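> Give me the fold of what follows.
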Amino acid sequence: MSKATDVVWEALEEAALEVQARAYCPYSEYPVGAAILGRSGRIYAGCNVENAAYGHSICAERSAIMQMVAAGEREPIAVLVVTRGPKAGSPCGACRQMLVEFAEDLPIRLMVNGEPERTRTTSLAELLPDAFRPDSLLPKKS
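The predicted model follows:
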């Protein structure tokens, strides 16, 4: 895992804030932006996109993961998520599980509208202890 102190959070924050402004959230009115730093140094951003059929909505974190995978990368090393207040929102269970598919652990910074005083850094392992991982599956039959 990359250490949170090794990550240039400002670039992730800028990308997450930019994409948060483009979120499509007419039902919740809760725009979320997420930025993932890949091992290559590239940043992948995503926002939440809601749908009247709620199950068809997608969270910002999963949107960013899909951007990363579509670009051919598979190793996230840090994630930053921007939400509206009063406190920083945390990735939902589905997003945590999706992140575990690609990383055993990584630093995750949660912030409210880019306000440093309402920011906290945690990790994937803290948010999803004892995660179900790809290596939990039975081996394929020959």
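> next structured bit after the worst-scoring helix or strand of the chain on mean pLDDT?
Ranked by mean pLDDT, DSSP states H and E, the helix or strand of the chain with the weakest confidence is strand 115-123, at a mean of 93. Counting by DSSP states H and E, the element after strand 115-123 in chain order, helix or strand, is helix 124-127.
> related to what we said a few turns ago, which helices and strands sit right next to the least confident helix or strand of the chain?
strand 107-112 (3 or more C-beta pairs under 8 Å, 6 or more residues apart in numbering; DSSP states H and E). Placement of C-beta: from N, CA and C, glycine included.
> which outside residues touch the strand it packs on?
Strand 107-112 is contacted by residues 1-4, 7, 9, 12-13, 78-91, 118-124, 127 when judged by C-beta atoms under 8 Å, 6 or more residues apart in numbering.
> Ok, stretch 54-64 next?
Contacts to stretch 54-64, defined as C-beta under 8 Å, 6+ apart, come from residues 16, 19-20, 23, 27, 32-36, 44-51, 79, 81, 91-92, 94-95, 98-99.
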